[in-house]
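Trainee: could you work out the structure for the sequence below:
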Amino acid sequence: MSTIHDVAEKAGVSIKTVSRVLNDASSVSEKTRKRIEHAMQALDFAPSAAARMLRGRPTDLVAVIADQLTTTPDSSEIIKGIQSVCEDLGKMLIIGETGGQAHVASRLVADMRTRRVEAIIFATTFHRPVTVTDTLGQTPAVLANCFEAASRFAEVIPDDEGGGYAAAETVLRAGHRKIAFLQLIEGMVATRLRLQGFRRAMQDHGVRPNDAWLLHGATPGVEDEFAQLRTTIDGLFAGAERPTAILCGNDKMAIRVIFLLQRRGLRVPEDVSVVGFDDFRLLSEASDPGLTTVTLPYREIGALAARRALAKDLAPGIVRVPCRAVLRGTVAAPSGGKAGQ
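Mentor: Residues are numbered from 1 along each chain as shown. Predicted coordinates:
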């Protein structure tokens, strides 16, 4: 790779003169400037990002430090949101993945600071707390899909409580009162917040939840996290009192629930309404009928985090991005038929 010394030698000038051209100094004659520019082109010379920063110019580099975003199909939308803002503003995105290892994160932070990135965005695959222990110096930082207990940074997260409310309200407005909620893994931030939203919606509509129908549809630490769903569905429909609507922790769970209901001879939505969460379109739009769900706004989260980072809008605090209902074909008014008998 050519250096400033090579350019100076080829152009027959001093290194200081080449430096002046790189800094757009007016003290260099037009003839000398063109000779140096021709030398740069001939040598395929490009000044380093670090050198640009030393000259007081932005490097146009933005860093994302994530756990496993690029290999997680749904949450990779966060990267797409960040990338869209970078493209609009003429920035280049650098992505480093930690694999969940703190020492890798520390190394990546140090590397990004060496590259003089204009901002660092920390992002996670699911809504969870994090602790940023690395020294960031003056580098702006924003958290996307995660938060610190101390709230030292600008943090952009999904409004999971609002999403739980939206899911419940979708079936309540359709007339359902017998509603089961199959939640995500116990202990997750999203699980707790969505249940709060569900309970709030039920209270607002004057409906008392059946606590026996508030279950966890996913099992942690197993190859098939939905392996117990069949047993769960069997339990819901074993007695005389049965739900007419089932809310699910995510779209993958909802699709499995629909399959299990159909195996029992129940139609969706004629006999049982089903609502997912995420709006993972490879599933929600491909199912027949289309899956009514609640969007998890990953792309918006990424885009908003990038805008705040690059605008230096770094006031500590949380921005919650709405999780909105997406109405398709798996919710209808209760029929009073097989399910609710």
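
Trainee: just the helices from this structure, written as ranges.
Mentor: 4-11, 15-22, 30-43, 49-54, 77-89, 102-114, 160-173, 189-204, 229-236, 251-263, 281-284, 298-310 (DSSP state H).

Trainee: out of those helices, flag the one nearest residue 154.
Mentor: Of all the helices of the chain, helix 298-310 sits nearest to residue 154, with 5.2 Å by Cβ to Cβ. In this view, the C-beta of every residue, glycine as well, is placed from N, C-alpha and C.

Trainee: need the CA coordinates for the closest one. PDB is fine.
Mentor: Extracted in PDB, the C-alpha atoms of helix 298-310 (Å, rounded to 0.1, in the frame of the first residue of the first chain):
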ATOM      1  CA  TYR A 298     -36.200  -3.700  14.700                       C
ATOM      2  CA  ARG A 299     -35.500  -1.600  11.600                       C
ATOM      3  CA  GLU A 300     -37.000   1.500  13.200                       C
ATOM      4  CA  ILE A 301     -34.900   0.900  16.300                       C
ATOM      5  CA  GLY A 302     -31.700   0.600  14.200                       C
ATOM      6  CA  ALA A 303     -32.500   3.700  12.100                       C
ATOM      7  CA  LEU A 304     -33.400   5.800  15.100                       C
ATOM      8  CA  ALA A 305     -30.300   4.700  17.000                       C
ATOM      9  CA  ALA A 306     -28.100   5.600  14.000                       C
ATOM     10  CA  ARG A 307     -29.700   9.100  13.600                       C
ATOM     11  CA  ARG A 308     -29.200   9.900  17.300                       C
ATOM     12  CA  ALA A 309     -25.600   8.700  17.300                       C
ATOM     13  CA  LEU A 310     -24.700  10.700  14.200                       C
END
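
Trainee: now it: mean pLDDT?
Mentor: On average, the pLDDT along helix 298-310 is 95.

Trainee: circling back to that earlier point, ranking the helices of the chain by mean pLDDT, which is last?
Mentor: helix 49-54 (a mean of 51).

Trainee: domain map for the chain?
Mentor: 4-47, 61-158+298-321, 160-296 (automatic domain parsing).

Trainee: distance between stretch 164-174 and the chain's centre?
Mentor: When C-alpha coordinates are averaged (Cα atoms, centre = their mean, to the nearest Å), stretch 164-174 and its chain have centres 23 Å apart.

Trainee: same deal with stretch 196-206?
Mentor: Relative to its chain's centre, stretch 196-206 lies at 26 Å (Cα atoms, centre = their mean).

Trainee: same deal with stretch 108-122?
Mentor: With Cα atoms, centre = their mean, you get 20 Å for stretch 108-122.

Trainee: now do the end-to-end distance for that stretch.
Mentor: End-to-end span of stretch 108-122 (Cα to Cα, to the nearest Å): 11 Å.

Trainee: can you tell me what sits against it?
Mentor: Residues lying outside stretch 108-122 but in contact with it, judged by Cβ atoms under 8 Å, 6 or more residues apart in numbering, are 49-50, 52-53, 58-66, 82, 91, 94, 96, 98, 130, 132, 134-137, 139-144, 146, 302, 305-306, 309-310.

Trainee: give me the buried subset of the residues you listed.
Mentor: 49, 52-53, 59, 61-66, 82, 91, 94, 96, 98, 130, 132, 134, 139-144, 146, 302, 305-306, 309-310 (16 or more other Cβ atoms under 10 Å).

Trainee: tell me the contacts of residue 125?
Mentor: 66, 67, 68, 69, 72, 75, 145.

Trainee: my bad, should have said residue 33
Mentor: Residues near residue 33 by Cβ under 8 Å, 6+ apart: residue 21.

Trainee: the closest residue to residue 287 other than its chain neighbours: neighbour count?
Mentor: Counting by Cβ to Cβ, 6 or more residues apart in numbering, residue 255 is the residue found nearest to residue 287 once chain neighbours are left out, at 6.1 Å. A count of nearby residues for residue 255, using other Cβ atoms under 10 Å, gives 21.

Trainee: out of the domains of the chain, the one nearest residue 331 is which?
Mentor: domain 160-296 (4.3 Å).

Trainee: centre of the chain to the closest one, how far?
Mentor: In terms of Cα atoms, centre = their mean, the gap separating the centre of domain 160-296 from the centre of its chain is 22 Å.

Trainee: endpoints of that domain, how far apart?
Mentor: End residues of domain 160-296 are separated by 8 Å (Cα to Cα).

Trainee: so residue 164 sits against residue 189, correct?
Mentor: No - using Cβ atoms under 8 Å, residue 164 is not in contact with residue 189, being 12.0 Å away.

Trainee: who has more neighbours, the two?
Mentor: Remark: of residue 164 and residue 189, residue 164 carries more neighbours, 29 against 17, as counted by other Cβ under 10 Å.
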